[in-house]
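S.K.: Okay, predicted coordinates and the sequence, questions at the end:
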Amino acid sequence: MQRIVIVGAGAMGCLFAARLAEHGAHVTVVDVDATRLALLVREGIQLTDDSGTRRVPILAMQAGAMSGPVDLVMLFTKSMHSRAAATSVAHLASAATWALTLQNGLGNADALATVFGPAHVAMGVTDFPADLTGPASVASHGAGHIRLGPFEPGPAEALAPLAALFNASGLPTEAIGDVRPAVWGKVAFNAALNSVATVTGLTVGGMDRPAGHRVITEVADEVIATAQALGIAVDPAGVHHKIAFALANHRGHKASMLQDRLAGRTPEIDAINGAVVDHARALGVAVPVTRALADLVQLCCTPDD
């Protein structure tokens, strides 16, 4: 599994492109920004991590300029662009191609499954830190981990080559048969912290006060209850531990959704809180705080129809 297409030249896309290319994979970054792509071709990606700073050559082009087949398509766009992004690279697939999403939120794997077929889709979560420090540079400090599994829960053996590729590239990865609890656990984390940060404008540390704890806990518990109603065994203690750790240790961090608001970009609220509300409504689960925060983010951050 060596010919890889990464769709989306954001922080995570650039981090994974640089790490995989540095360890011998044939990586092409696909994006819609022709100017940015030309810069990436000319300069490569400057990667700064705990091993230092170096520049990693990569290929970069728009989807229509590529020809297939490829071994792996990785989606790193914003969730609202997932379906269009997946469709743009559908012509690169063969019967052996895998499509993977490690994006935040719900619905991204479904978009890939519509294009590539459920049996060829993997999904998962990662906690690797990544920040763009320039149009062709990315920084990542500290450890991270990837958990991935098949779109439809079942044996994970077919994903062993993908996990081995990531592990060899310094991206510690575990392939498991049912990754849905991890995906929903991260949704609970993001629904709680991102939405509150976006509405209030607070850093993570700014939410570390009694009122913040109450709202964050309510949202996390509502998301966990929704997952459990779907038959997905999210671990409540694990979710709350990660939230507490973030509040204590990532105090100066601005949540990604808040960064989108400050930059004038549309936040991914529909794929996080909004998606939870949709599932909860169908299941008859009450999620009033999650719903209210989804509405508030829509009011303050999205254009009036």
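M.R.: Structure's in. What do you need?
S.K.: Could you pull up phi and psi at the nearest residue to V32 once chain neighbours are set aside?
M.R.: Among residues not flanking V32 along the chain, Q62 sits closest, at 6.7 Å (C-beta to C-beta, 6 or more residues apart in numbering). Where you see a C-beta, it was placed from the backbone N, CA and C, and this is true even at glycine. Note on Q62: backbone dihedrals following degrees, to the nearest 10 are phi -80, psi 160.
S.K.: got a list of what Q62 touches?
M.R.: Taking C-beta atoms under 8 Å, 6 or more residues apart in numbering as the criterion, Q62 is in contact with V30, D31, V32, A34, L37.
S.K.: Strands of this protein, residue ranges please.
M.R.: In chain order, the chain shows strands spanning 3-7, 26-30, 45-49, 52-56, 59-61, 72-75, 98-101, 121-126, 131-134, 137-139, 146-150, 173-175, with DSSP state E as the criterion.
S.K.: Report the central residue of the protein.
M.R.: Centrality entry for the chain: nearest residue to the mean C-alpha point is Q103, 1.9 Å, by C-alpha atoms, centre = their mean.
S.K.: which residues touch that residue?
M.R.: If a contact means C-beta under 8 Å, 6+ apart, then Q103 has L75, F76, T77, S79, S82 as its contacts.
S.K.: try D127
M.R.: Each residue near D127 by C-beta under 8 Å, 6+ apart is listed here: G144, H145.
S.K.: before we move on, what about N194?
M.R.: By C-beta under 8 Å, 6+ apart, the contact set of N194 is A255, S256, M257, L258, P267, I272.
S.K.: Max pairwise distance over the residues you listed: which two?
M.R.: By the measure C-beta to C-beta, the contacts of N194 have their two most distant members at L258 and I272, which lie 12.9 Å apart.
S.K.: if you count what's nearby, which of those two comes out ahead?
M.R.: Set side by side, L258 and I272 give different neighbour counts by other C-beta atoms under 10 Å, the larger being at I272 (30 against 25).
S.K.: Can you tell me how far the more buried one is from G105?
M.R.: From I272 over to G105 the distance is 5 Å, taken as C-beta to C-beta, to the nearest Å.
S.K.: list residues touching both of these two?
M.R.: With contacts defined as C-beta under 8 Å, 6+ apart, the residues shared by I272 and G105 are S79, V187, N190.
S.K.: Number of residues surrounding the first one?
M.R.: Okay, so that is S79. S79 is flanked by 23 other residues according to other C-beta under 10 Å.
S.K.: Would you map the helices across this structure?
M.R.: Chain-ordered helices for the chain, with DSSP state H as the definition, fall at 11-22, 34-43, 82-88, 108-116, 160-168, 180-200, 210-229, 236-249, 256-262, 273-283, 288-301.
S.K.: rank those by pLDDT, which is bottom?
M.R.: The stretch with the lowest average pLDDT out of these is helix 256-262, scoring a mean of 88.
S.K.: and that one, what does it pack onto?
M.R.: helix 180-200, helix 288-301 (3 or more C-beta pairs under 8 Å, 6 or more residues apart in numbering; DSSP states H and E).
S.K.: Okay, buried residues for it please.
M.R.: S256, M257, L258, Q259, D260, R261 (16 or more other C-beta atoms under 10 Å).
S.K.: Same question for stretch 107-119.
M.R.: Burial within stretch 107-119, assessed by neighbour count using 16+ other C-beta under 10 Å, is assigned to G107, N108, A109, D110, A111, L112, A113, V115, F116.
S.K.: closest to M123 among those residues?
M.R.: For M123, the closest of the buried residues of stretch 107-119 turns out to be A109, at 3.9 Å, with distances computed as C-beta to C-beta.
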